[in-house]
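> Below are the sequence and a predicted model for it; my questions follow.
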Amino acid sequence: TGHDWGYGVEDGPSLWHQNYPIAKGSRQSPIDILPQTASHDPSLGPIALKYDQCTSINIANNGHSVVVEFEDSDDRSVIQGGPLDNPYRLKQFHFHWGGKGCRGSEHTVEGHSYASELHLVHWNAVKYETFGEAATAPDGLAVLGIFLEGSVTDFKSFNPKCLLPSSLHYWTYLGSLTTPPLHESVTWIVLKEPIAVSEKQMSKFRMLLFTGEEEDQRMRMENNFRPPQPLKGRKVRSSN
Ligand SMILES: NS(=O)(=O)c1c2ccccc2cc2ccccc12
Ligand SMILES: [Zn+2]
């Protein structure tokens with residue numbers, strides 16, 4: 001897949017530091033969230049999501065996840081408020097999931113993993129010219145994390161607008177990309193309430209391949225999640 005990293009035994013998360021030394025940095029993601037330790041910060045307002053005119057461009061299997069890209073030439077789809085000083089533009093969303101059972105999310109809550117985790121990636125177009133420039137700036141990116149919990153209900157196609165849980169209460173902390181190059185440029189906003197996803201939908205993820213269709217040894221795409229990283233003194237804040 002043209003990348004020097006993956007989720008296997010030879011190229012998985014424990015080896016990423018060899019090519020990406022920042023893997024041992026001071027604000028790496030994901031983390032294990034401890035609700036009791038998260039400090040409630042009354043100054044943290046609600047997050048506001050404006051996805052009503054979201055224009056998806058394509059959906060792709062980038063060899064590590066399934067990614068839906070959006071048109072980001074203007075502020076039609078943005079997240080703002082909460083810990084953010086500016087509106088951040090929606091660039092793409094993608095998922096992380098496990099093989100069988102409930103492991104699969106990247107963030108965990110008191111050691112509890114969910115079946116999958118949806119990441120909506122946004123960038124600070126007020127301060128930076130391009131996504132690439134924002135991706136290396138400490139306040140360049142904001143990723144909204146939403147847990148997906150296996151359940152029997154089914155749900156409509158992936159449209160960020162209708163994909164949100166009823167409550168937008170969140171935890172927030174300063175972190176990084178969870179995949180190489182692991183830039184420490186992400187303000188993470190993780191919603192407390194998971195959304196339901198059916199086993200049928202989960203099985204669709206697992207049909208995706210890490211390898212190209214034409215490659216002989218077909219690698220099923222599963223377990224594409226990085227384990228929790230050390231907090232290193234960071235504070236996790238909780239919205240009201
Ligand atoms: N897991 S992740 O959200 O850190 C992530 C990104 C985060 C910020 C910017 C770009 C990102 C691209 C990703 C591509 C594949 C998987 C995770 C990715
Ligand atoms: Zn992600």
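Now that the structure is in, tell me what you want to look at. Ligands and ions are numbered 1, 2, ... in the order given.
> Show me which residues of this structure sit near ligand 1.
Residues of the chain found near ligand 1 (CB under 6 Å from any ligand atom) are 64-65, 94, 119, 121, 135, 141, 143, 177-179, 186. All C-beta atoms are positioned from the backbone trio N, CA, C, and that covers glycine.
> now the nearest residue to Asp85 once chain neighbours are set aside, what's its secondary structure?
Nearest residue to Asp85 in three dimensions, chain neighbours excluded: Asp139, at 7.4 Å (CB to CB, 6 or more residues apart in numbering). Following DSSP: H, G, I helix; E, B strand; the rest coil, Asp139 is assigned to coil.
> Equivalent analysis for the one 5 residues further on, please.
Assigned by three-state DSSP, the conformation of Leu144 is strand.
> Could you report the pLDDT at it?
Per-residue pLDDT puts Leu144 at 98.
> got a list of what the nearest residue to Asp72 once chain neighbours are set aside touches?
The shortest distance from Asp72 to any non-neighbouring residue, by CB to CB, 6+ apart, is to Arg89 (4.7 Å). Arg89 makes contact with 72, 75, 77-78, 122-123, 125, according to CB atoms under 8 Å, 6 or more residues apart in numbering.
> Tell me where this protein has strands.
Using DSSP state E, the strands of the chain run over residues 32-33, 39-40, 47-50, 56-61, 66-70, 78-81, 88-97, 108-109, 116-123, 141-151, 170-175, 186-191, 195-198, 237-238.
> between the fifth one and strand 116-123, how big is the angle?
So that's strand 66-70. Angle, strand 66-70 to strand 116-123, by axes from the mean of the first three to the mean of the last three CA atoms, to 10 degrees: 30 degrees.
> how far is strand 66-70 from where the chain is centred?
Put simply, strand 66-70 sits 12 Å off its chain's centre (CA atoms, centre = their mean, to the nearest Å).
> got it, and the third one?
On the basis of CA atoms, centre = their mean, the separation between the geometric centre of strand 47-50 and that of its chain is 17 Å.
> So which residue is dead centre in the protein?
Per CA atoms, centre = their mean, the C-alpha nearest to the average position across the chain is that of His119, at 2.9 Å.
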